[in-house]
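> here you go, sequence then predicted model.
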Amino acid sequence: MTEQIWEAPLARIPMRATVTVPRLLTARPGTPADVEVYAPTIADAAVFLAAAAVTTGTVVVRNWEAVARDASANTLREALATMGTYVVRSAEGLTCTSRSTSGHLSGIEVDLTAHPDLIAPLIVLCALADDPSTLRGLGSHAAYTGRLLAELQGLGGLVDWDGDVARIFPQPLHGGEWDGAGVPAAAALGAVLALVVPNMRVSGLALDTATGRAFLAEWRSALEADEHILPGATRGTVPYYV
């Protein structure tokens, strides 16, 4: 795989799209390297849901059932709802809709001890929120988290990191390079930053692989879709469907 630099695009309009989330890795552990596996992970889905949140849009992940049994699925839904989105599961999939026409996201406090796949998505969302956030339970993944936070600081982010707890204080960000600590699903979060931060470059997606191309195609399609999608339901008025 050859890593390339991708000039990720700004959002011209809110992302309003129905997506099938591609997996951003090329092989499941234990399978031959030339066997491509497309089952998505919760981290892959989080990229598209985060895009709805930061662009005041609506995204339906139609293959949510592929990740819904992940232990982190409910934690992601809770985090998105707490930050200020409508999140609802239906027969069609999972819908995430921004509640704010101004793109406002509230800060959160969440323990990610059992949810390492959510570290990168929530770091990015917290960096784009209006209020400070606290992410706890990161000590088991301190090296990975530290690299992500260092990348965020390189874009102008303000963080306080003690090796287990990250406190993120939103600041205006500037363009630069994001590689997600070399993890493809985390590198894709650079595309979310680029929706609202000009001049973002993303590496670490291995764009010459089939899965890299699948992500780029789905992302570009979602940016241009402009579908009419009914908003989801907030936790406060309609219970989550299980």
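That came through fine. Fair warning: this is a prediction, and the values are worked out from it, not measured in the lab. Numbers count the residues shown, from 1 in each chain.
> ok now do the most centrally placed residue in the chain, which residues does it touch?
For the chain, the residue nearest the mean C-alpha position is residue 47 (2.9 Å; CA atoms, centre = their mean). Counting by CB atoms under 8 Å, 6 or more residues apart in numbering, residue 47 makes contact with 21, 121, 185, 188-189, 191-192. In this view, the C-beta of every residue, glycine as well, is placed from N, C-alpha and C.
> what do you get for residue 156?
Taking CB under 8 Å, 6+ apart, one finds 171-174 in contact with residue 156.
> pLDDT score assigned to the nearest residue to residue 99 once chain neighbours are set aside?
Take residue 99 and drop its neighbours on the chain: the residue closest to it by CB to CB, 6 or more residues apart in numbering is residue 84, 5.2 Å away. Here, the pLDDT recorded for residue 84 equals 93.
> now do the one 3 residues further on
At residue 87, the model reports a pLDDT of 93.
> before we move on, what about the one 5 residues further on?
We have a pLDDT of 87 for residue 92.
> now swap in residue 228 and tell me
Residue 228 is assigned 83 on the pLDDT scale.
> next, the distance between the ends of stretch 93-108.
Using CA to CA, to the nearest Å, the end-to-end distance of stretch 93-108 comes to 25 Å.
> now residue 87: how far from residue 79?
Distance, residue 87 to residue 79, by CB to CB, to the nearest Å: 9 Å.
> output the below-cut-off pLDDT ranges for this structure.
For the chain, the stretches with pLDDT under 70 are 1-3, 24-39, 100-102, 207-211, 230-242.
> can you show me the helices along it?
Applying DSSP state H to the chain gives helices spanning 42-54, 73-83, 119-127, 142-154, 184-187, 189-196, 210-225.
> any idea which of these gets closest to residue 163?
Ranking the helices of the chain by proximity to residue 163 (CB to CB) places helix 142-154 first, at 5.0 Å.
> just how off-centre is that closest one within its chain?
Remark: helix 142-154 is offset 16 Å from the chain centroid, using CA atoms, centre = their mean, to the nearest Å.
> what do you get for stretch 193-213?
Relative to the centre of its chain, stretch 193-213 is centred 13 Å away, using CA atoms, centre = their mean.
> pull the CA atoms of that stretch into CSV?
Extracted in CSV, the C-alpha atoms of stretch 193-213 (Å, rounded to 0.1, in the frame of the first residue of the first chain):
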residue,chain,number,x,y,z
LEU,A,193,-12.0,18.3,9.9
ALA,A,194,-11.6,19.4,6.2
LEU,A,195,-15.4,19.9,5.9
VAL,A,196,-15.1,23.1,8.1
VAL,A,197,-11.3,23.8,8.2
PRO,A,198,-9.8,25.0,4.9
ASN,A,199,-6.5,23.6,3.4
MET,A,200,-6.6,20.2,5.1
ARG,A,201,-4.4,17.4,3.8
VAL,A,202,-5.0,13.8,4.7
SER,A,203,-2.5,11.0,4.6
GLY,A,204,-2.7,7.4,5.9
LEU,A,205,-5.7,6.3,3.8
ALA,A,206,-3.6,4.2,1.4
LEU,A,207,-5.5,5.7,-1.5
ASP,A,208,-4.3,3.2,-4.0
THR,A,209,-6.1,0.3,-2.4
ALA,A,210,-9.7,-0.8,-3.2
THR,A,211,-10.9,0.2,0.2
GLY,A,212,-9.3,3.6,0.0
ARG,A,213,-11.0,4.2,-3.3
